[in-house]
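>>> Okay, sequence plus prediction incoming.
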Amino acid sequence: MRNKVTKAVFPVAGLGTRFLPATKAVPKEVLTLVDRPLIQYAIDEAREAGITEFIFVTSRGKSALEDYFDRAPELEMSLKAKNKTDLLEIYNQTCMDSGSIAYVRQNQALGLGHAVWCARHLIGNEPFAVLLPDDVIAAEKPCLKQMVEAYAETGGNMVAAMEVPDDKASSYGVLDVPASVGSVMPVRGMVEKPARGTQPSNMAVIGRYILSPEVMLELDKKQTGAGGEIQLTDAIAKQIETRNNVFGYRFQGQRYDCGSKAGFLQATVAFGLARDDLRDELEEFLFDMMAMRHAAE
C-alpha cells in the first residue's frame, strides 16, 4: 500500500517584486482575491486533499503571513459577543491547529528547488505535495485532490500540467509526453523554460506537485540549472532517468497566474462573478465599463 500524502510544502519566500509597492510592506501571499488571501486558497485546496501537515518556506518580512494563521482573541470575542456566526465560521477557517503548521527559512534566493530542499528535515522519508500559491485554480474538485486520487494508482512523482500556446512555452517547465487524451500521462522528459520553438510539447507544468522523498536527495546535490538556480524541474527529471516514475496530470479546472498583475485581476473578476452576493452588481459594473469604452472608441 502506498503512503498517503499528508505533508505539503508552500514556497512563500519570494519578494513579490512584480506587485510593488504593495509588497514593500505586505507579503504577496496575503494579497486578497475578493476577500481571501492567495495563501488561503492554497491552504483550503490542501485541506480538501487530505493534507494535515503544512510547511511554509519563508524569508525575512513574512511575519504577517505567519500571523494570519494564528488566533486573534479580541476579534474572536467580538464576533462571538455580537453573535456573528457566519463571520465566526469564516474566521475559524483561517486558524491552524497548534503543531499543524511549521515555518522554515530560505535565507538565499536560489530557486524553487532550493526552497523545497529547505523543508527536507520536516519531510523525512515520505511523499509530499508542493503548492505554489501564485497558481490559483478554480475547480469543482480541487486540483490537488484530483492528483492525490490519481497518485493512489500510480505512485512515483506527479506534476500538474496544462496546455499552453507555443509562444508561451518558454516561460514554463515543459513535459515530453506521448500524445494522449487521458488525464494521466507518462513523462519521458522535462525541460525548464525551453528556448522558443524547441519545446517537446505544449504541456506545461504548473504549481502543483506530488513528489517522492528521492527528489530531496537529488536536490541535496545543489546542482544549478536554468538561470543559475536550483530547479525543481531538474530534480524531477532525474527521477525519469533513474526510476521512470514521473507522471503528468491534466487537471480539470481553470488556472489563474496570480503572480502576474493581469492574472491577478482576471482571477479577481472570475471569483467575484462566481459569488452569488457579488455577481449582479459586478456584472452591471463591467457591462457599463465596456459600454463606455466602446463609446469612447
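The structure has been received and is ready for your questions. Numbering: from 1, shown residues only.
>>> before we move on, what SS does V57 have?
Assigned with DSSP: H, G, I helix; E, B strand; the rest coil, V57 falls in the strand class.
>>> tell me, how many neighbours does A115 end up with?
28 (other C-beta atoms under 10 Å). For every residue, glycine as well, the C-beta is placed using N, CA and C.
>>> And C118, by the same measure?
Using other C-beta under 10 Å, C118 is surrounded by 23 other residues.
>>> doesn't G189 make contact with D234?
No. Contact between D234 and G189 fails when scored by C-beta atoms under 8 Å: they sit 11.3 Å apart.
>>> now the strands: where do they sit in the stretch 151-297 of the chain?
Secondary structure of the stretch 151-297 of the chain (DSSP state E, counting those that start in this stretch): strands at 157-163, 173-176, 184-186, 189-192, 203-211, 246-250, 254-257.
>>> buried residues in the last one?
Buried residues in strand 254-257, counted by 16 or more other C-beta atoms under 10 Å: R255, Y256, D257.
>>> By mean pLDDT, show me the worst of the strands of the stretch 151-297 of the chain.
Among the strands of the stretch 151-297 of the chain, strand 189-192 carries the lowest mean pLDDT, a mean of 84.
>>> Strand partners (parallel or antiparallel) of that one?
strand 173-176 (antiparallel) (DSSP bridges).
>>> hey, which helix or strand in this protein has the poorest pLDDT?
strand 189-192 (a mean of 84; mean pLDDT, DSSP states H and E).
>>> Dump that one to CSV, restricted to CA.
Extracted as CSV, the C-alpha positions of strand 189-192 are listed here (Å, rounded to 0.1, in the frame of the first residue of the first chain):
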residue,chain,number,x,y,z
GLY,A,189,11.4,14.1,-20.2
MET,A,190,11.2,17.7,-18.7
VAL,A,191,12.7,20.9,-19.9
GLU,A,192,12.8,24.1,-17.8
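>>> Contacts for stretch 282-297 next, please.
Residues outside stretch 282-297 that contact it (C-beta atoms under 8 Å, 6 or more residues apart in numbering) are V269, G272, L273.
>>> Apologies, that question was intended for stretch 220-230.
So stretch 220-230 is contacted by 110-114, 117, 120, 192-193, 219, 231, 233-234 (C-beta under 8 Å, 6+ apart).
>>> nearest to L175, of those residues?
When those are compared for distance to L175 (C-beta to C-beta), T233 wins out at 9.7 Å.
>>> which of the buried residues of strand 254-257 lies closest to P73?
In terms of C-beta to C-beta, no member of the buried residues of strand 254-257 lies closer to P73 than Y256, at 34.3 Å.
>>> Looking at the contacts of stretch 282-297, state which has the most neighbours.
Busiest of the contacts of stretch 282-297 [other C-beta under 10 Å] is G272, holding 19 neighbours.
>>> pLDDT wise, what is it at?
The model reports G272 with a pLDDT of 95.
>>> Could you list the low-pLDDT ranges of the stretch 1-150 of the chain?
Within the stretch 1-150 of the chain, the stretches with pLDDT under 70 are 1-2.
>>> ok so, going back, kindly reformat the buried residues of strand 254-257 as TSV containing distance to A291.
TSV is the format used below for those (distance: C-beta to C-beta, whole Å):
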residue	distance to A291
R255	30
Y256	26
D257	28
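>>> from the contacts of stretch 282-297, which is closest to K141?
L273 (20.2 Å).
>>> which residue sits closest to that closest one in space, ignoring its chain neighbours?
In space, and not counting its chain neighbours, L273 is closest to R279: 5.5 Å by C-beta to C-beta, 6 or more residues apart in numbering.
>>> quick one: that neighbour from G272, how far?
Plainly put, R279 is 8 Å away from G272 if you go by C-beta to C-beta, to the nearest Å.
>>> So for those two, which residues contact both of them?
With C-beta under 8 Å, 6+ apart, R279 and G272 have no common neighbours.
>>> and A102, which of the three is it?
Applying three-state DSSP: A102 is strand.
>>> Make sure it is actually in contact with C118.
No. The criterion here is C-beta under 8 Å, and A102 misses it with C118 at 11.3 Å.
>>> Please state the offset of the least confident helix or strand of the chain from the chain centre?
Relative to its chain's centre, strand 189-192 lies at 19 Å (C-alpha atoms, centre = their mean, to the nearest Å).
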